[in-house]
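**Student:** Fold the following for me, if possible:
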Amino acid sequence: MTDLLRYLFSTLLHYPTDSGLLDDGAWVLTRMMKKIEGKVGGLKRKVRDRKRSVQKRVIALAHALRHKGEEGELRRQREYGQVLRLTRQILGDTRRVLQEVAGLPPRRRSGARELCERLETMAERVRRVVRQTKARVFEGVTQLPGKLVSLFEPHTEIIRKGKAGKPNEFGKLVQVQEAENQMVTHYEVFEERPSDRHLLQAAVEVQRRKLGRVPQLVAADAGFYSQVQEENVQALGVNHVSVPNRSTRSAVRRQLEKQRWFKKGQKWRTGCEGRISVLKRRHGLARSRYRGSDGMRRWVGLGIIADNLINMGRWLAQQLA
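**Tutor:** So this is what the prediction gives:
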């Protein structure tokens, strides 16, 4: 039986724009301050709730975004300025609350220690959002290093895959390797998005380490093409590598890609879209429900284990029928 290998990629999280992050930040910081206020038995000055004011300004900003031209830009900057002003006031409140709690007797502040640590961490993230929003809206800096796109999952990346319907996605890139009978043999959640062109050899080596042999045929899309990687994979013992080279001018290469085995590999590879859909729809990989990088890996792993168990059951049922 011929071994086959293909690659699937998916993002796991979807998060809002800067205005949405500021709105989320207002809700989170206010809620935490109110919890701290209740834990310590009250503060000298009651925590002011500005959530509704921020929400109104975010809605006004959404309306301003509909206007084009110079007038629309001025309205957009004005509304962003109002949102930033309110957010800074909330950040000032967090600083005051933390200072006041720090001066309380140990007995009163002991129950709020963990909340204060979380409030300080979240306040620093909101400050980062304020700085990046100011740089983007008022200074025109769009390529800001270390841009924060999620308050709750700061490791989230912006992923641009060239899709017309989804030019930007937010999350982490996931690699899934699939063999025959729809069995997933390996997965990986990348800390930083790698270049597809550098993944082919490593994937085959993982396959060899886990199964004790290399696949006879490897199929992937054109984004994975690299002459060096293809030669390295063939040196490992792979007989057929079905990875298109869209930019080739070589008549020999074009003739190679017209061969039956190459086309068969590419037809089989198109099933990866169905595997992505199943993993997202049936097993919840469209969005991670666990926090942090480790939680995301756990979520992906559980989904893949569940999918493999279903496919194993179907194959065994067919053999026993």
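**Student:** what residue ranges in the stretch 1-150 of the chain are flagged as low confidence?
**Tutor:** Within the stretch 1-150 of the chain, the ranges that satisfy pLDDT under 70 run 1-17.
**Student:** Tell me where it has strands.
**Tutor:** Secondary structure of the stretch 1-150 of the chain (DSSP state E, counting those that start in this stretch): strands at 4-10.
**Student:** hey, what's the most centrally placed residue in the chain bridged with?
**Tutor:** Nearest to the geometric centre of the chain sits G171, at 0.5 Å (C-alpha atoms, centre = their mean). The partner list for G171 in beta bridges (DSSP bridges) reads E157.
**Student:** distance of it from D23?
**Tutor:** 20 Å (C-beta to C-beta, to the nearest Å). Where you see a C-beta, it was placed from the backbone N, CA and C, and this is true even at glycine.
**Student:** now swap in P145 and tell me
**Tutor:** Distance from P145 to D23, by C-beta to C-beta: 24 Å.
**Student:** Settle it for me: which of the two has more neighbours?
**Tutor:** Between P145 and D23, D23 has the larger neighbour count (other C-beta atoms under 10 Å), namely 21 against 6.
**Student:** quick one: contacts for the more buried one?
**Tutor:** Contacts for D23 (C-beta atoms under 8 Å, 6 or more residues apart in numbering) come out as P16, V54, Q55, V58, V83.
**Student:** Just the buried subset of the residues you listed, please.
**Tutor:** Buried by 16 or more other C-beta atoms under 10 Å: V54, V58, V83, out of the contacts of D23.
**Student:** thought the last one was touching D24?
**Tutor:** To tie it back to what came earlier, the one meant is V83. No - assessed by C-beta atoms under 8 Å, V83 is found out of contact with D24, at 12.0 Å.
**Student:** What are the boundaries of the helices in the chain?
**Tutor:** 18-39, 51-64, 69-102, 106-109, 113-139, 200-211, 227-235, 251-256, 260-269, 272-281, 292-320 (DSSP state H).
**Student:** Dump those into a markdown table; add distance to P244 as well.
**Tutor:** Conversion of the helices of the chain to a markdown table gives the following (distance: least, C-beta to C-beta, whole Å):
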| stretch | distance to P244 |
| --- | --- |
| helix 18-39 | 38 |
| helix 51-64 | 42 |
| helix 69-102 | 43 |
| helix 106-109 | 63 |
| helix 113-139 | 38 |
| helix 200-211 | 13 |
| helix 227-235 | 11 |
| helix 251-256 | 9 |
| helix 260-269 | 7 |
| helix 272-281 | 14 |
| helix 292-320 | 27 |
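**Student:** deepest of the ones you listed, which one?
**Tutor:** Highest mean neighbour count among the helices of the chain (mean count of other C-beta atoms under 10 Å): helix 18-39, with a mean of 20.
**Student:** The residue nearest to the centre of the chain reaches E157, doesn't it?
**Tutor:** Yes - using C-beta under 8 Å, G171 makes contact with E157 at a distance of 7.1 Å.
**Student:** do you know how far the residue of the chain most remote from its centre is from G41?
**Tutor:** Relative to the centre of the chain, the most outlying C-alpha is that of P105, 42.6 Å out, by C-alpha atoms, centre = their mean. Distance, P105 to G41, by C-beta to C-beta: 11 Å.
**Student:** got it, and V174?
**Tutor:** V174 is 47 Å from G41, by C-beta to C-beta.
**Student:** So for those two, which sits in the more crowded spot?
**Tutor:** Counted by other C-beta under 10 Å, V174 and G41 do not tie: V174 has more neighbours, with 22 against 10.
**Student:** Can you give me the distance of that one to L285?
**Tutor:** V174 is 7 Å from L285, by C-beta to C-beta.
**Student:** now do P215
**Tutor:** 24 Å.
**Student:** These two - which one has more neighbours?
**Tutor:** Between P215 and L285, P215 has the larger neighbour count (other C-beta under 10 Å), namely 27 against 24.
**Student:** just to revisit the earlier point, Throw the buried ones among the contacts of D23 into TSV and include distance to N308, thanks.
**Tutor:** As requested, those are exported to TSV (distance: C-beta to C-beta, whole Å):
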residue	distance to N308
V54	45
V58	43
V83	46
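**Student:** Quickly name whichever of these is closest to G313.
**Tutor:** The nearest member of those to G313, counting by C-beta to C-beta, is V58 at 48.0 Å.
**Student:** Could you report the separation of the closest one from G92?
**Tutor:** Distance from V58 to G92, by C-beta to C-beta: 19 Å.
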